[in-house]
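Student: Just to be clear, the model below is a prediction. Sequence and coordinates:
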Amino acid sequence: MPHSDLDLLLLIDDDVIAELRDILQEEFGDLVQDFVDDVPIQLELMQTALDQGNADGLYRLAHKLKSSCGSLGAPRLAELVRQLEQAGRQATLDSAATLLAQAQATADDTVAGLRVILQAAPPGDRAGQD
Amino acid sequence: MILTHRNHHGIDIIALSGRLVIADVPEVRQKLLATVEQGNGKLILDLAEVNFMDSSGLSVLVSAFKAARAKNGDVALLHLNPTVRSLIELTRLQQIFAIFDDEAAALTRLSS
Amino acid sequence: MSTERMPILVADDDANVLRIIAAMLRRWDYDVILARDGLEAWEILQRQDIRFVISDWMMPGLTGPELCRQIRAVSFAKYVYLILLTGREDKLSLVEGMEAGADDFLVKPVHREELRVRIRAGERILQLEWQLEERNRHLSEINQTLSDAYATIRHDLESAAVMQKALLPSPLRLPGVAVDWLFQPSAFVAGDMFDYFVLGQRQLSFYQLDVAGHGVPAALLSFTLHQVLARGAEEQRLSQPQSDQEAMVMLPQMVAALNRRFQSGIDPLLYFTLIYGHLDCQTGQVILTQAGHPRPIWLHRAEQRSELMGGGGFPVGMLPELEYDAIAFDLAPGDRLFLYSDGVTECANPHGEAFSEERLLRLLEETAGLSIAAVAAQLGQTLREWKGDDQHQDDITLLILEREHQP
């Protein structure tokens, strides 16, 4: 997927966030917090795998992170991680390095966005305070 | 076993065809008894198309005869083939049933 | 299915996905059991009664399709419905999942409404499976009941058959006379019956009867008749021996008395055919009364010629107030008298053709040189071959009386 198309994907999908909030209720905060904490670790593990030339390790890590990203409403990061998964599977490590750098940047933005959501009161509560 | 039924001036004429053996007995007995019950007890059984009859089949004819007699009626047998005729004769039932080879004669007998 | 909350096992190595799906399922009031990978899921399935599994595809240890194969490989008591989650979209993986035995597939990330619809579809299928299982269980219970009942009936019938065989007399050899027979019930028990007994110094009484119909109802009457006739014979044994003239009168009177005693109504008509007779062992004179039974055969041994005897008579129990008569003839030394039930002459081959009087007469003439035991065996064999199997439609009886050459 070219960059321009990547940009079309939402950094954070508000509909998914709203659905998660509805589903998880009080657990929502924990889930997002865990994800926010976990993403940098996973990316770092991928970097290590890449440095070691471990294509399969990269593939597995990317696969797992991909479904988390999808489930937590981070489609742009999910797409990048999907491409990383593919690169790992095909062992095209040169393109993986570029993708990983891109993914790290996008992850930073995603995490920042999710932090904002975490700090904001849930829509229901906010309505209650009005 | 196939049965056809017609009525001629108050006399029921039932033609049976095929084999009259133990398996057919309930159906045929029911039909004959119902006919005697609903009619006036005068019954002609045309056996021209009956090619085989066993002793259970015989019992159906006798059941019809008993039912007809109970209504002061009678049963005549028409057109016996040699196999059926020899069974009737072995069991002496020609002394019970009037036996005819001619339907007109049977009708005359029963209408008297 | 019970109204309890249905347990659903969810297996995924991604804790986030697990958590989200678990939260959805709990909100829909399912009992959620979580497994962090395929192996844990497999362990749980073996311990607990779970019929619904949602499993991730790619998991370390045991993948989703592998878990699926293991579930299908062992036969759990109940059907397990399995949804595979897949991150991949290609059709090849779907085929692999189907081959592994998955019931349905969901592409990750899992959307709430889609999951809900798929679970409902699975529940409907489990409901049908459950109804099917219930029906099968019910059917197999009924089957069991039926086969138990059949076993009981079969056992009873076998006992009855043994009793009936025990009532039959043994082949007999008297000075001047020998008796043998063939008896083949079409079912366990027969409506055919026969017996013979020695009265006085020289008289052999014999009878053969055939209750209309066959199987149990016919056999019950034939058992009764055996008792009645045996008692009658006992009374005769105590009285003075009859002269020939007396026998000509007594035999028809005895049959007429039986006819009075065994009258049935119009429906169902239960009656029997009978031959009852005496044989003078010294003179060879036969006196017998016929009551609708097939005409006996007299084999003139010297000429190897057979003859159908008598003119018939009314069956017993059919109509009241009937009179019977008797016939008399003298067996020459070596002559034979055969009594048989209509199961012999009416025995049909696969084309529906009856064995017939003609064939019976010819067989009895052709076997004139054999012993009477061999004749009985020969008829049994011939009828088996004629019929094509052992499953006769009617009872088969042949009773043979032979006046032996004087020593």
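Tutor: Good, I have the coordinates.
Student: check contacts around the residue nearest to residue A:83 when sequence neighbours are not counted.
Tutor: Leaving aside its sequence neighbours, residue A:83 sits nearest to residue A:99 (C-beta to C-beta, 6 or more residues apart in numbering or on different chains; 5.3 Å). Where C-beta positions appear, they are placed from N, C-alpha and C, glycine not excepted. Taking C-beta atoms under 8 Å, 6 or more residues apart in numbering or on different chains, we find residue A:99 in contact with A:80, A:83-84, A:87.
Student: Give me the pLDDT for residue A:99.
Tutor: Residue A:99 is assigned a pLDDT of 94 by the prediction.
Student: what about it, is that helix, strand or coil?
Tutor: Using DSSP: H, G, I helix; E, B strand; the rest coil, the structure places residue A:99 in helix.
Student: what is the rounded mean pLDDT of the helix or strand hosting residue C:96?
Tutor: In the assignment (DSSP states H and E), residue C:96 maps to helix C:91-100. The pLDDT scores in helix C:91-100 average 81.
Student: contacting residues for residue C:311?
Tutor: B:89, B:92, C:290, C:327.
Student: Give me the neighbour count for the second one.
Tutor: Right, residue B:92. 21 (other C-beta atoms under 10 Å in any protein chain shown).
Student: And it, how close does it get to residue C:339?
Tutor: 18 Å (C-beta to C-beta, to the nearest Å).
Student: next one: the third one
Tutor: Residue C:290 sits 10 Å away from residue C:339 when distances are taken as C-beta to C-beta.
Student: which residues are in contact with both of those two?
Tutor: Common neighbours of residue C:290 and residue C:339 (C-beta under 8 Å, 6+ apart) are C:275, C:296.
Student: more crowded one of those two?
Tutor: residue C:290 (29 against 24).
Student: which strands and helices sit next to whatever helix or strand that one lives in?
Tutor: For residue C:290, the host element (DSSP H and E) is strand C:285-291. In terms of contacts (3 or more C-beta pairs under 8 Å, 6 or more residues apart in numbering or on different chains; DSSP states H and E), strand C:285-291 is packed against helix C:244-261, strand C:272-280, strand C:326-330.
Student: what's the angle from the second one to strand C:326-330?
Tutor: With axes from the mean of the first three to the mean of the last three C-alpha atoms, to 10 degrees defining the directions, strand C:272-280 sits at 40 degrees from strand C:326-330.
Student: Would you mind giving the orientation angle of strand C:272-280 with respect to helix C:244-261?
Tutor: Going by the same axes, to 10 degrees, strand C:272-280 makes 160 degrees with helix C:244-261.
Student: Show me what strand C:272-280 is packed up against.
Tutor: strand C:203-211, helix C:216-238, helix C:244-261, strand C:285-291.
Student: just checking, what packs against the worst-scoring helix or strand of chain C on mean pLDDT?
Tutor: Every helix and strand in chain C was compared by mean pLDDT, DSSP states H and E; the lowest is helix C:91-100, with a mean of 81. Helices and strands touching helix C:91-100, by 3+ C-beta pairs under 8 Å, 6+ apart, are helix C:64-73, strand C:81-86.
Student: looking at the ones you listed, which is buried most?
Tutor: strand C:81-86 (a mean of 24; mean count of other C-beta atoms under 10 Å in any protein chain shown).
Student: ok, it: who's next to it in the sheet?
Tutor: Sheet pairing for strand C:81-86, assigned by DSSP bridges, gives strand C:52-56 (parallel), strand C:104-107 (parallel).
Student: Local confidence estimate at the residue of chain C found nearest chain A?
Tutor: Nearest residue of chain C to chain A: residue C:109, at 3.6 Å (C-beta to the nearest C-beta). Residue C:109 is assigned 85 on the pLDDT scale.
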